[in-house]
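**Student:** The following block contains a protein sequence and its predicted model.
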Amino acid sequence: MGSWQRIIELEAIPQQGSRVLKTGKGDIALFRTADDQVFALHDKCPHKGGPLSQGIVFEHTVVCPLHSWKIKLENGEAVAPDVGCAGKLVTKLEAGVVFLQI
Amino acid sequence: MKKMKLVMVGNGMAGVRTLEELLKLESGIYDITVFGAEPYPNYNRIMLSPVLAGEQGINDIILNDLDWYKDNHITLHMNKKVVRIDRLKKIVYAEDGTEAEYDRLLLATGSMPFILPVPGNDLDGVIGYRDIQDTNAMIDAAAKYKHAVVIGGGLLGLEAANGLALRGMDVTVVHLMPWLMERQLDRASAQMLQSSLEAKGLKFLLEMNTQELVGDASGRVQAIRFKGGTEIPADLVVMAVGIRPNTALAESAGIHCNRGIVVNDTMQTFDPSIYAVGECVSHRGTAYGLVAPLFDMARVCANHLARMGIARYQGSVTSTKLKVTGIDLFSAGDFTGNDTTDEILMHDAAGGVYKKLVLKDDKLVGAVMYGDTRDGAWYFQMIRDGRNVADIRGHLMFGQSHLGNAGHQGQDSAAAMPDDMEVCGCNGVSKGSIVKAIKEKGLFTLDDVRKHTKASASCGSCTGLCEQILASTVGGAYAPQASKVKTLCGCTELTHEEVRKAIVDEKLLTIPQAMQFLNWSTPNGCASCRPALNYYLLCAWPREAKNDPQSRFINERAHGNIQKDGTFSVVPRMHGGITTPEQLRRIADVADKYQVRTVKVTGGQRIDLFGIRKEDLPKVWEDLGMSSGYAYGKSLRTVKTCVGSEWCRFGVQDSTQMGIDLEYALDRMWTPHKFKLAVSGCPRNCAESGIKDVGIIGVDSGWEIYVGGNGGIKTEVAQFLVKVKTKEEVMEYVLAFTQLYREEARYLDRTVHYIERVGLDYIRQQVVENATRRKELRERLLFALQDEKDPWAKENVNLGEFAPLSI
């Protein structure tokens, strides 16, 4: 279990959009949904490694920009009939600031 | 709020589809109870023929297993026949005494095989062909007995006969009419069908009237006797002479029936708490026995049960395909014709091909095809759309698929493909795996096929093949959506046109505003509707509507073209394909500085730099000092030119300058899909104007303008629109056509699709014949483009989009 890291103000992520966090272990996509929830996934689609951060976000789903796989933000799982998982990270929102457990 | 009780009587395809549609719209308002007379959950009745033929097992054709009912909290009473409805107390009673109260009752009791009223029709071995029980009875009989007689040479009868023959029986089909499938085929095609089936070993007795079925001492049928006294042996008799809507329950409850339970356009019976769908229904005097209309009814009924109350069922045009392996047959609409119709006929008896198209007032109303049905879906679509075909009448008979479709070895007839042949060259899907998925997963629509197999889900060039495979696998259950009623996406019942009209009429300026006004069924739309809405808003209200970057595909948000490794490619604008040494030097410097791995000259005469990291894009643009080439968007791509009269010894017009001028005029323009132009300086056409959205060819006396060409997925040759004299006229006509396309085409339709839908005659009326309209269109486009900013210019870049975060 990692520690909580302060990342960025919620306002700096567009609604239904994302920002990319560069880390030594690869990119992490931070998503902000229309209902102002924040989710974090490894920025690699389980299909062919597409950068999920660049996809269109609707409800709690992102559509991979390469081949349109739909990935659930809550758990990183692909929406059926596709199968695969992008791997999620734990986030929290405190006083308008996004924290990530790494 | 207390939930209402919804009870459904009949656990078949129409009813369960209604529940599925209802659950999609509104899962919380009902406690649902289902009664089914059969001891199975909902199964795919149209796949009984493959089961009979031994191609599939019963378990393969279950559509909704018991878990589905459980997961959706549906109380299921299988093997319980409902025998009484008390409409006053609103309770239904089953044979075994089970009862259920309802607030809404849905009758989906289906139909029953019609059993001929002849002596002996109750003997053992005499059955209808309707359900799993009948199918099992046939399979058992085939193992024990030799002679089978199928009464009825319609779709179902022939499929039954084929299955029994494949199981080793000696099968005779008895038919009252002078030719087979007289409701779906004309005489000529029916005779071709009969010969093919005879070659498979089936025997036929036409115009024979059954008098009696003769039993043996044990009470089993042993022969069939006809009027006139002839007799043939029969150990099994299958009655397939038609179906009757099963209205006994409804009639006993006093619900108005007239050859079916009578419903209105909302699928409501004369009792407002009771709805009915499927084969038990009579709608506007018609009872349907094919699956496709039932699904339309299901959608409408669900809409009303979910209390949305906006859908209407207005009847269906149906099509037929016989599911007998090796037989290729299709019919749709009114193919018989009469005094008021014309027909176009092609009959190649030796080649085994027959096609008949029936037209009325320049509209296609019916089609019969035998031996070559590859264009069935296309014809069917035109019948449903009621499209005027005057402009394509000359080549209508030759179908749509005679030209350059890439990716499947030039094959355009699914029937002729072996199972292991690749259909979808993008995703590597073979015909066999598509057929398997359709059968085992119970797929009925092209969307289902795309979702489950990925075939036709990428470039779409194999869509026609997939449609053919779907049609031949599920038969009449496949019906392409009429394009007029194509809804924008799953988030709305509205069509593209209805949405656009509301945006204009109500002056809607943002996506949330549009979704709210139009009662979107999802909170923030989806990846299909948001980009479309964003475009429609910007097109209708330039400079006023609010662009939403998050509703655009990444390419249009980052103003570059995303590549497989997540980097981007950069194409600067070079108007007309003309560049300078100074520009080239800068491009070379940028390529060095950012270690560009590949520098490529594109098909549109531009230079493409590959492998740029997203965070570097703003710096690359600044270093280039050139404007965006829009090579990534649904936008003006390029105007390709040949060198023209300035240098070329054959050139008669200055195509290069014309191209430069057009590219300046149309720069920074968003369109429903990508938009490409070309200008050639003489009819040698070195700029390939024939395959562009707008292609211009200079001739000695002026310029010819062509529209609707396409060099991509499916090669389409542009069609001649008009010839003009001056460069100013070229500009005016091209701008007007472009704006018409922008205002009327559906999002993601190229010009070729748009013109196919509205017809070239219409384009001519708007752009060529009506000078006022032409000038208005041109003005509107100029207005829209007037203040468009270069997205690469420093002051227009949103750095937040590009800057990564770090800890």
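**Tutor:** Cool, got the structure. Numbers count the residues shown, from 1 in each chain, chains lettered A, B, ... in the order given.
**Student:** how far away is residue B:251 from chain A?
**Tutor:** Residue B:251 is 43 Å from chain A, where distance means Cβ to the nearest Cβ, to the nearest Å. Backbone N, C-alpha and C define where each C-beta goes, glycine included.
**Student:** Likewise for residue B:65?
**Tutor:** Distance from residue B:65 to chain A, by Cβ to the nearest Cβ: 15 Å.
**Student:** so that residue makes contact with residue B:59?
**Tutor:** No - between residue B:65 and residue B:59 there is no contact under Cβ atoms under 8 Å: 9.2 Å.
**Student:** Quick check: which element contains the most far-flung residue of chain B relative to its centre?
**Tutor:** The C-alpha centroid of chain B is most remote from residue B:217, which lies 55.0 Å away (Cα atoms, centre = their mean). Using DSSP states H and E, residue B:217 sits in no helix or strand.
**Student:** backbone phi and psi for it, please?
**Tutor:** With angles defined as degrees, to the nearest 10, residue B:217 sits at phi -60, psi -30.
**Student:** picking that back up, residue B:65 and residue B:59: who's more crowded?
**Tutor:** The neighbour count for residue B:65 versus residue B:59, taken as other Cβ atoms under 10 Å in any protein chain shown, is higher for residue B:65 (14 against 10).
**Student:** Report the contact partners of that one.
**Tutor:** Listed by Cβ atoms under 8 Å, 6 or more residues apart in numbering or on different chains, the contact set of residue B:65 reads residue B:41.
**Student:** mind checking pLDDT for it?
**Tutor:** At residue B:65, the pLDDT value in this model is 92.
**Student:** Give me every residue in chain B lying close to chain A.
**Tutor:** Contact residues, chain B versus chain A (Cβ under 8 Å from any Cβ of the partner chain): B:451-452, B:457-458, B:522-527, B:530-531, B:549-554, B:558, B:562, B:564-566, B:614, B:800, B:804-807.
**Student:** Just the ones of those in helices?
**Tutor:** Counting by DSSP state H, the residues of chain B next to chain A place B:451-452, B:530-531, B:554, B:558, B:800 in helices.
**Student:** Could you point out which of these is nearest to residue B:47?
**Tutor:** For these, the residue nearest residue B:47 by Cβ to Cβ is residue B:452; the value is 15.9 Å.
**Student:** surely that closest one meets residue B:439?
**Tutor:** No - applying Cβ under 8 Å as the test, residue B:452 and residue B:439 come out as separate, 11.5 Å apart.
**Student:** of all the ones in helices among the residues of chain B next to chain A, which two lie farthest apart?
**Tutor:** Greatest spacing in these, by Cβ to Cβ: B:452 and B:800 (38.7 Å).
**Student:** okay, these two: which has more neighbours?
**Tutor:** Higher neighbour count among residue B:452 and residue B:800: residue B:452, with 19 against 11, using other Cβ under 10 Å.
**Student:** Give me the contacts around the strand or helix carrying residue B:14.
**Tutor:** Taking DSSP H and E as the definition, residue B:14 sits inside helix B:13-25. The contact list for helix B:13-25 (Cβ under 8 Å, 6+ apart) reads B:8, B:30, B:32, B:34, B:42, B:44-45, B:63-64, B:72, B:74, B:106, B:108, B:110, B:277-279, B:291, B:294-295, B:297-299, B:301-303, B:305-306, B:308, B:521.
**Student:** Now the buried members of these.
**Tutor:** B:8, B:30, B:32, B:34, B:42, B:44-45, B:63-64, B:74, B:106, B:108, B:110, B:277-279, B:291, B:294-295, B:297-299, B:301-303, B:305-306, B:521 (16 or more other Cβ atoms under 10 Å in any protein chain shown).
**Student:** Among these, which lie within helices?
**Tutor:** B:291, B:294-295, B:297-299, B:301-303, B:305.
**Student:** want to throw these into CSV with pLDDT?
**Tutor:** Formatted as CSV, those follow (pLDDT from 0 to 100):
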residue, pLDDT
B:291, 80
B:294, 89
B:295, 86
B:297, 93
B:298, 93
B:299, 90
B:301, 96
B:302, 94
B:303, 91
B:305, 94
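**Student:** Make CSV from the residues you listed and add distance to residue B:170 to it.
**Tutor:** Output for these, formatted as CSV (distance: Cβ to Cβ, whole Å):
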residue, distance to residue B:170
B:291, 31
B:294, 35
B:295, 38
B:297, 40
B:298, 41
B:299, 44
B:301, 45
B:302, 46
B:303, 50
B:305, 49
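**Student:** which one of the residues you listed is nearest residue B:203?
**Tutor:** Closest to residue B:203 out of those is residue B:291 (29.6 Å), distances taken as Cβ to Cβ.
**Student:** care to break chain B down by domain?
**Tutor:** B:4-111+B:245-305, B:126-241, B:319-483, B:486-552, B:635-789 (automatic domain parsing).
**Student:** Please identify the residues of chain A in proximity to chain B?
**Tutor:** A:5, A:7-8, A:12, A:14-17, A:19-23, A:27, A:30, A:34-35, A:48-51, A:54-59, A:63, A:65-68, A:70, A:81, A:102.
**Student:** hmm, who's touching stretch B:87-101?
**Tutor:** For stretch B:87-101, using Cβ under 8 Å, 6+ apart, the contacting residues are B:5, B:7, B:9, B:33, B:35, B:75, B:77, B:80-86, B:102-103, B:105, B:253-255, B:271, B:273-274.
**Student:** hey, where'd the strands end up in the stretch 651-800 of chain B?
**Tutor:** Taking DSSP state E, counting those that start in this stretch, the strands of the stretch 651-800 of chain B run over residues B:675-680, B:694-699, B:702-707, B:719-724.
**Student:** Rebuild those strands as TSV, extending it with mean pLDDT, distance to residue B:234 and mean neighbour count.
**Tutor:** Listed next are those as TSV, based on pLDDT from 0 to 100; distance: least, Cβ to Cβ, whole Å; neighbours: other Cβ atoms under 10 Å in any protein chain shown:
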stretch	mean pLDDT	distance to residue B:234	mean neighbour count
strand B:675-680	98	66	28
strand B:694-699	97	67	25
strand B:702-707	97	63	22
strand B:719-724	96	60	18
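**Student:** Tabulate these (CSV), appending distance to residue B:324.
**Tutor:** Output for the strands of the stretch 651-800 of chain B, formatted as CSV (distance: least, Cβ to Cβ, whole Å):
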stretch, distance to residue B:324
strand B:675-680, 45
strand B:694-699, 46
strand B:702-707, 43
strand B:719-724, 40
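**Student:** where do the strands sit along chain A?
**Tutor:** All strands of chain A, identified by DSSP state E, fall at A:4-9, A:17-21, A:28-32, A:38-42, A:56-58, A:61-63, A:70-72, A:88-89, A:91-94, A:97-101.
**Student:** mean confidence for the last one?
**Tutor:** Mean per-residue pLDDT for strand A:97-101: 95.
**Student:** Any buried residues in that strand, and which?
**Tutor:** Neighbour counts over strand A:97-101 (16+ other Cβ under 10 Å) mark A:98-100 as buried.
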